[in-house]
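1. Predicted model follows, preceded by the sequence.
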Amino acid sequence: MTGLVSLVRGLVHGRAPTAEGLTLAAPPERKRVDLRKAVNAISDVVQNRPRPLRVFDQIHMKSGDMVLQSEIIADWADGKRLAFIGDGDAISVCVAYLRARDVLNFGPSHITVFDFDERTVEAVMNFADRERITNLDARLYNVLEAMDPGEPFDCFYTNPPWGASNNGESVNIFVERGMEATAHTGEGVVVIADDDELEWPKRVLASVQGFAAREGFYVSRMQRKLHEYHLDDAPELKSCNLYLAALPGNPTRVESVAITDPNRLENFYGLSQEPRVRYVRARRRLDYGVAHEDEYELEMLESGRE
Ligand SMILES: C[S@@+](CC[C@H](N)C(=O)[O-])C[C@H]1O[C@@H](n2cnc3c(N)ncnc32)[C@H](O)[C@@H]1O
């Protein structure tokens, strides 16, 4: 039960499988992961996740990949303050919950989610409240507005709109906010498209790496083709983890301004889809784990009629 996550983690971290196959030993300081507990915890989070709005490029990661991704991110951000710039996938909640449930014995000291979708913000806050996770919170925030993180974070994570139609500029905007959340002195993981056959993901990767370099960051690592999505029109399209880190001595920058340049906002969510919405507001508090009343109607048995 515990070997699969260790094996995949070993492969991702570049370690070879042992002769015992699936029983690759975890690093000594890390507890072995109970896969059943991990998958069931992720399942709790998925139940709580609002449904994706495709028009804002919300496309959810598949559950198996969320298990692996959560463990990778908990390991990377162990003991650190971590900001999520947008998180419809709810990797933030998975990371905090796996730690709270003691499935993982490592993880960030604090997690804050910044998202413009109030349903996501509420889902994070409600889950944290229900499960008594005190080191997880969320704030309503639009990346086009200035970032004010309060106490700077050590690192950021973003799975942004992938910028297929704007050469990655929407990715760069989310990355910029992540860098600002760390006062330009931290590290980040950017989850973006990764495909050998298509041209645009390569252009986006180059654009993001160029942007990072101009901001005083370098690419410290890349884990290729790791995640799959519930994406009807491109089910094969995968994403990678692109790791960025501030160069030593990168000057601390705390200023942040609104982004209004129309050239940067063109095709933000896809072709001809400029950002026009400040916040997605939640109409009413929904229990996402159960069917909504407007999804179905009841046709009664004869004996069931009044
Ligand atoms: C764009 S989606 C990318 C796909 C990702 N797999 C997901 O579904 O979360 C990432 C997150 O960014 C958020 N987002 C989109 N536009 C935003 C904006 N202008 N400001 C802040 N968050 C935004 C979405 O609500 C979503 O939670």
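-> In hand now; what should we look at?
2. tell me which parts of the protein are close to the ligand?
-> 52, 56-61, 86-89, 115-117, 120, 141-144, 159-161, 275 (Cβ under 6 Å from any ligand atom). From N, CA and C alone the C-beta is placed, and that goes for glycine too.
3. What about those residues, which are in helices?
-> Residues of the residues of the chain next to the ligand located in helices (DSSP state H): residue 120.
4. Tell me which entries of the residues of the chain next to the ligand lie within strands.
-> Using DSSP state E, the members of the residues of the chain next to the ligand that fall in strands are residue 115.
5. separation between the closest residue to the ligand within the stretch 201-306 of the chain and residue 255?
-> Taking Cβ to the nearest ligand atom as the measure, the point where the stretch 201-306 of the chain comes nearest the ligand is residue 275, at 5.4 Å. Distance, residue 275 to residue 255, by Cβ to Cβ, to the nearest Å: 22 Å.
6. Of the two, which one has the most company?
-> Between residue 275 and residue 255, counting by other Cβ atoms under 10 Å, residue 275 is the more crowded of the two (17 against 8).
7. Now do the more buried one against residue 130, distance only.
-> 32 Å.
8. what sits against the closest residue to residue 159 other than its chain neighbours?
-> The spatial neighbour of residue 159 that comes closest, neighbours along the chain excluded (Cβ to Cβ, 6 or more residues apart in numbering), is residue 191 at 3.9 Å. The contact partners of residue 191, by Cβ atoms under 8 Å, 6 or more residues apart in numbering, come to 69, 157, 158, 159, 227, 239, 240, 241, 242.
9. What about the fifth one, how many residues nearby?
-> Right, the one you point to is residue 227. Around residue 227 there are 22 residues (other Cβ under 10 Å).
10. same thing with the first one?
-> Using other Cβ under 10 Å, the number of residues around residue 69 comes to 26.
11. Tell me the backbone dihedrals of it, please.
-> With angles defined as degrees, to the nearest 10, residue 69 sits at phi -60, psi -40.
12. What pLDDT is listed against it?
-> Predicted confidence (pLDDT) for residue 69: 98.
13. do the second one as well
-> Note for residue 157: predicted pLDDT of 98.
14. Looks to me like it is in a helix.
-> No - using DSSP: H, G, I helix; E, B strand; the rest coil, the assignment for residue 157 is strand, not a helix.
15. Just give me the neighbour total for it.
-> There are 29 residues near residue 157, going by other Cβ under 10 Å.
16. cool, and the fourth one?
-> Residue 159: 28 surrounding residues under other Cβ under 10 Å.
17. same check, this time on residue 139
-> So residue 139, with other Cβ under 10 Å, has 15 neighbours.
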